[in-house]
Every structure is written in C-alpha cells, then in structure tokens.
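Novice: what's the 3D shape of this:
(2 chains)
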Amino acid sequence: MSTPALSVPRTARLARWNAVLMTRNRLALVYGVVVPLLPLLLLLSGDRGDAGPGAAAITTTVLMAALFPVFYNVLSQFVTRRDELVLKRMRTGEARDLELLVALALPGAVVTLVVSLLAVPLAMALGQDAPLNLLVYVAGVLVATVMFAAFAFWTAAWTRNAEAAQMTSLPVIFLALAGQFSIALPASAQRWADLTPGAALTDLVRSAWFGLPESGTTRTLDLAATWGEAAGPLLVLVAWTVLAVGIAARSLHWEPRV
Amino acid sequence: MTTPAIEVRGLHRSYGTGAGAFEAVRGVDLSVEAGTITALLGTNGAGKTSTLEVVEGLAAASAGTVRVLGLDPVADRDAVRRRTAVLLQESGFSGDLTVRETLLQWAGTLTSPRPVEEVLGRLGLESRADVRVRALSGGEERRLDLACALLGRPEVLLLDEPTTGLDPESRRDVWELVRDLRHAGTTVLLTTHYLEEAEELADRLAIMHAGRIVREGTPAEVAAGHPSVIRLDEATAPAWLDDLGARRVVRGGTVTLETDDLQATLTTLLVRAEREGVRLDGLEARAATLESVFLAIADQPADRSPEGALA
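Specialist: Got it, this is the predicted structure:
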C-alpha cells in the first residue's frame, strides 16, 4: 500500500487541540511559551552591537527555545496524555502513531521556530548584525527541534509520571547545556564537549549568524566560509538526531507504567 | 450464508517469552454475524480483553487469524479503522477539554464524522457540552466514550466492559443505546463479567475461561441442560421437601432445590403446601439461568481441555 505515513490535515487538527491543552495548563504555558522568550532579554546586556554578548544571548535563546517548548514540554505532555489513557484511546481510531507523535511535538516546535525567528529582527533592532547565513541557522533550529522531540519520547518511556519528569529530564538537559560550560573544562575534555548537541547548536549559531570561528569573539568568516564552518556542528546535530529517533522508536511506550 | 462481520480462528496470544511466558488466549474461534450482538463473558483474567485487543488491532496474535469486515485489522489498518469503533475498558480523556471539545478533537481524526451536535443530543450530553471532562460523573464519562464511538458511524462496535463501574440507571442507558445501534445494523462484540448484561443484550454469547471459549450459543442454548431452581427459607421449609425428587442444598438459611422440570416440581410443592396449610416464606422459582452455567464453569480448574461448546 502506498498511503503516506502521515496525513497532514489530521496531524494539524490533532496539533491544534494539543496547543489548546498547552494553554489550559499554566505550568505548560510558562515552560512552553514564556521561558523560551526570557533569554532574549540577554540581548539588552553588553555594548550595543557587540558580537560576543550578542552570540551568547542568541545561542542561549535558541537552546532554551528548543529545550523547554520541545523537550520538556513534549515529555510532560506525552506522559500526561499517556497516563490519562488519552493516547491509548487515540490509538484505537484512525490516527496513526506517527501522527499522534508529530501532533504532540508540533505546538512546541512552532514556539521554538517563532522564538528563533523573532530573535532576528529583535537582535537587529538592538544593534546586532543580521544573520550571515539564515538558511543554516534555520536548518540548525529545525534539526535540533526534531532531536529534542525524539529525546522527549525516549525519556517518556522511562518516566513514571508527569511529576517524575522533573528528574528524568535532567540527563538530556545536562547533555544540552554541557557545551555551555566547556570553557571551564581542560582542553582535552573540551574536544569531547564540543560533540554534545548543545555545543554543536552553539557553534552552529555562532558561525551561521555571527560569522565567528570556533573560538574568539571577532567576526572572521564571510558567507561562503559559514557553510564549511557550520557543516561540522550540523553533522553532529544530525548524528544526535538519528540516535535520538532510533532510541525513541525502540522504546515508545503508550500505556501508563505500572 | 454471508461472511461474518468478525471472524477469529485459532487465536493464541502470549505475554512475555521463555520461562516467564503466559498464554492468555489459548485457541479461540469466534464468529459474529453482521448486525448481531455477541457477548464475550468470563471472569476476570479469562482472556476477554486480550482477545478483544487483537480484534481491535491493538495487539498482535501469537498464532491464528482475525478478520474484521473481511479485512486484517493490522495489515488493512486504515480500511478497518474507518469502519470500526472501540470502547476501551477505561475512559481516556484530557480533563482540561470540555465535552464538546473532546468530541471535536475526536471528530478531527475521523474520515467522515457525524455532526458533533447530533451526537451530543443522542447521548443526552447537550447540557454538559461546555463542562470540562474533569467534572463529569463516571456515567457521563462513559456516555462521552460512547459518543466518540458513535461519531465515526461504525459498522462494527467493540466494547470492552462498557458498563463496569456504572450505576444501574447509567447501565440501562448504555444497554438501550447499544440495542438502538444494533437495530440500525451495527455489529457489536462486547466483553462483560455481568451475566445480566449478557442476558439482556446478546443475541449470542461465548463464555471464556482460562483463555478458551468453553460454551457458546444463544443465551437459551447455553442455559439449556442446566437445572432450574426453587428457593425458600429454611425456617419454614417442610420436612417432606426430599420427597419432591429434586436435589436439595441448604446454605445461609435458604433451601435451594434444583430440578430439570420446574413446572412439575413447583406444582407438587405448592399443591402439597396448600393441602397441609404450610406457609412457604421467601419462595422463589427461576428457570435455568446463565448464572448456574457460569458458576459451574468458573469453578473448573484452568488447565481443563475445552468441551461442551454448542455449535
């Protein structure tokens, strides 16, 4: 049978109700919409137009925008829906598993994308340069979104209930933030820290948007050079995504854990 | 003869592997003719839900075949799901959505849903349409479940213990609705551990025990061959009861007489009581019931081979 794996209209309709549910839960709304917007305030720090603090603000924004609306939000939404037996009921109908998963991730993914794009005019209004390579920047955000959604489904598989998600989310959150602290590590360890998804996303934003090389705070790259500089981190992100999707697919669990 | 709406052949289903494996379904054959109601009856753990889950396409069989409307519930998933509806043993709703929103959400997953307002009316949920599901009573939640099932205009309806936990009035409402649906041509397969429910609703019933169907037929066929019972209070029971030729059991202050000819035994009893001026307190008489059949089956050990199935 050559039916597509996913019906776009049905997925969109499911996603719409997931978005409604997200707005009905105050905590979900805070994590899913408010938290990712906060790091944009970092743009107000430092000298106007200074690439160093600018890059720090944007990378933090993108990381938080992927981590909370997608990873943490999808994790808690999946666990809640699973424990309410909503997913079990949904699976008796016409909706396919992939549609249910995509629809669950979609509201958060839209927030991530909107915040990441909103950062562009906002940063420019505050004196930052326009992104050098917008395409790579957006591609990085999209890949990170898929990766964190997959990590959310994998984490959900061993999360007992929505409350336990506060603990079980920590390994992935640590993995995402490890790159931020790599500065504090000895050089030998830094090489490995660069391979974490958070560090890769940071490197990608620094080169694609600001034209910054791997280390340093002065722009040295031109548009042509950003392709090559961003290829490494993008590849790291893709590798993590493949891994995350693989382990998520293997561990999916639709019924409450007993 | 037409193809049955549901046909199960040689179904086995196991949980786990190796030494810890447990076979919950051990060779079930079942057919449900289109437009009829069949009840799968059994004690908890008899394998009813395990069987139904394979029919629903939610679980795979270890062996055997299942056809729903002539199609494979797993391989032909999309085609089957468009024409069937499932009511799970436990309702699963988001408490933060209202009744109407829940129906709109479900309608959004269906190919050709009925209008939500029509279904709300049919289930008597209009006045609760804007109430959050969290605030519904158990009976209302079950009605919402049925409303979802109705939304997709199913040809085949699979109900897993539809009235467990409901008050008697809600239970009657559910029965009424299921009968209406059958009347409109829907095929229904339901599981239950309520004998009354099976007797009330089912055209045919299949009694499951330890993973097998041990009796099958119309309620009358299944009960046939089992004795009728006469009960009366032990305190006022006359000494000559043994003369009636019925098996006599005394338990909890009640005498129970089992007889294959209810009318003859009862006539003898009443005529003699009248003649001797004896008052029989707590007198009650019942034709052969599913209850006696069911209890007889439930008492049997689990590893007994199947027998006594009526064609």
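Novice: in chain A, which residue sits nearest chain B?
Specialist: Closest approach between chain A and chain B, counting by CB to the nearest CB: A:L85, at 2.9 Å. For every residue, glycine as well, the C-beta is placed using N, CA and C.
Novice: the residue of the stretch 101-250 of chain B found nearest chain A: how many residues sit nearby?
Specialist: For the stretch 101-250 of chain B and chain A, the shortest gap (CB to the nearest CB) falls at B:G108, measuring 3.4 Å. Neighbour count for B:G108, taken as other CB atoms under 10 Å in any protein chain shown: 19.
Novice: how close does it get to B:E126?
Specialist: Going from B:G108 to B:E126 by CB to CB, to the nearest Å gives 21 Å.
Novice: which parts of the chain are helices?
Specialist: By default, I'm working from chain A. Ranges of helices in chain A, per DSSP state H, are A:8-24, A:26-29, A:35-37, A:51-66, A:73-83, A:86-90, A:97-125, A:134-157, A:165-168, A:170-177, A:187-193, A:197-210, A:223-251.
Novice: chain B was what I was after
Specialist: B:48-55, B:77-81, B:99-107, B:116-122, B:138-151, B:168-183, B:195-201, B:219-223, B:262-276, B:290-298.
Novice: just put these in TSV and tack on mean pLDDT and mean neighbour count.
Specialist: Putting those into TSV (pLDDT from 0 to 100; neighbours: other CB atoms under 10 Å in any protein chain shown) gives the following:
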stretch	mean pLDDT	mean neighbour count
helix B:48-55	95	24
helix B:77-81	95	19
helix B:99-107	98	22
helix B:116-122	95	16
helix B:138-151	94	22
helix B:168-183	92	16
helix B:195-201	89	20
helix B:219-223	85	19
helix B:262-276	92	14
helix B:290-298	77	18
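Novice: of all the ones you listed, which lies closest to A:T220?
Specialist: helix B:99-107 (52.1 Å; CB to CB).
Novice: distance from the chain centre to the closest one, please.
Specialist: Between the centre of helix B:99-107 and the centre of its host chain there is 28 Å, according to CA atoms, centre = their mean, to the nearest Å.
Novice: can you check stretch B:26-43 too?
Specialist: Distance of stretch B:26-43 from the chain centroid (CA atoms, centre = their mean) equals 9 Å.
Novice: before we move on, what about stretch B:132-139?
Specialist: Per CA atoms, centre = their mean, the centroid offset for stretch B:132-139 relative to its chain is 25 Å.
Novice: just stretch B:13-33 next, same as before
Specialist: Relative to its chain's centre, stretch B:13-33 lies at 20 Å (CA atoms, centre = their mean).
Novice: rewinding a little: go through the helices of chain A and pick out the most buried.
Specialist: Of the helices of chain A, the one with the most neighbours on average (mean count of other CB atoms under 10 Å in any protein chain shown) is helix A:197-210, at a mean of 27.
Novice: pLDDT on that one, on average?
Specialist: Mean pLDDT, helix A:197-210: 92.
Novice: roughly how far apart are the closest residue to B:T256 other than its chain neighbours and B:Q263?
Specialist: Nearest non-adjacent residue to B:T256, counting by CB to CB, 6 or more residues apart in numbering or on different chains: B:V249, 4.6 Å away. B:V249 sits at a distance of 21 Å from B:Q263 (criterion: CB to CB).
Novice: try B:L69
Specialist: 45 Å.
Novice: equivalent analysis for A:F68, please.
Specialist: Separation of A:F68 from B:Q263 (CB to CB): 76 Å.
Novice: likewise B:L40?
Specialist: Using CB to CB, B:L40 is found at 33 Å from B:Q263.
Novice: repeat for A:L42
Specialist: In this view, A:L42 and B:Q263 are 92 Å apart by CB to CB.
Novice: list the contacts of the closest residue to A:W209 other than its chain neighbours.
Specialist: Among residues not flanking A:W209 along the chain, A:P131 sits closest, at 4.2 Å (CB to CB, 6+ apart). Residues in contact with A:P131, defined by CB atoms under 8 Å, 6 or more residues apart in numbering or on different chains, are A:V120, A:Y137, A:A208, A:W209.
Novice: and the first one, what pLDDT?
Specialist: We have a pLDDT of 94 for A:V120.
Novice: pretty sure it contacts A:Q128?
Specialist: No - checked against CB atoms under 8 Å, the pair A:V120 and A:Q128 is beyond contact range at 9.0 Å.
Novice: write out the residues of chain B neighbouring chain A.
Specialist: Within reach of chain A by CB under 8 Å from any CB of the partner chain, chain B has these residues: B:56, B:58, B:78, B:81-82, B:85-86, B:88, B:90-97, B:101, B:104-106, B:108-111, B:148, B:152.
Novice: can you rerun that using 6 Å?
Specialist: B:R81, B:V86, B:L88, B:E90, B:G92, B:S94, B:D96, B:Q105, B:G108, B:T109, B:L110 (CB under 6 Å from any CB of the partner chain).
Novice: max pairwise distance over the residues you listed: which two?
Specialist: B:R81 and B:D96 (26.2 Å).
Novice: quick one: pLDDT of residue 155?
Specialist: In the absence of a named chain, chain A is used. 97.
Novice: the chain in question should be chain B.
Specialist: With respect to pLDDT, B:E155 has a value of 97.
Novice: list phi and psi for the closest residue to it other than its chain neighbours.
Specialist: Of all residues not flanking B:E155 in the chain, B:R83 sits nearest, at 4.6 Å (CB to CB, 6+ apart). When read as degrees, to the nearest 10, the backbone of B:R83 gives phi -110, psi 0.
Novice: tally of neighbours for B:R83?
Specialist: Count around B:R83 with other CB under 10 Å applied: 16.
Novice: where's it relative to A:T92, distance?
Specialist: 13 Å.
Novice: now B:R179
Specialist: Distance, B:R179 to A:T92, by CB to CB: 23 Å.
Novice: ok, B:A285 next?
Specialist: 44 Å.
Novice: before we move on, the earlier item: got the confidence number for the residue nearest to B:T256?
Specialist: Reported pLDDT at B:V249 in the predicted model: 83.
Novice: quick check, the residue in chain B closest to chain A?
Specialist: Of all residues in chain B, B:G92 sits closest to chain A, at 2.9 Å by CB to the nearest CB.
Novice: phi first, then psi, for that residue.
Specialist: The phi/psi pair for B:G92 (degrees, to the nearest 10) reads phi -130, psi 100.
Novice: burial count for it?
Specialist: When neighbours are counted by other CB under 10 Å, B:G92 registers 21.
Novice: so what pairs up with the residue nearest the centre of chain B in the strands?
Specialist: In chain B, the residue lying closest to the centroid (CA atoms, centre = their mean) is B:T192, at 3.4 Å. According to DSSP bridges, the partner residues bridging B:T192 are B:L41.
Novice: show me the contacts for A:P213.
Specialist: For A:P213, the contact set (CB atoms under 6 Å, 6 or more residues apart in numbering or on different chains) comprises A:T220.
Novice: neighbour count winner among B:A285 and A:T92?
Specialist: More crowded of B:A285 and A:T92, by other CB under 10 Å: A:T92, with 22 against 17.
Novice: since that was my last question, I'll sign off now.
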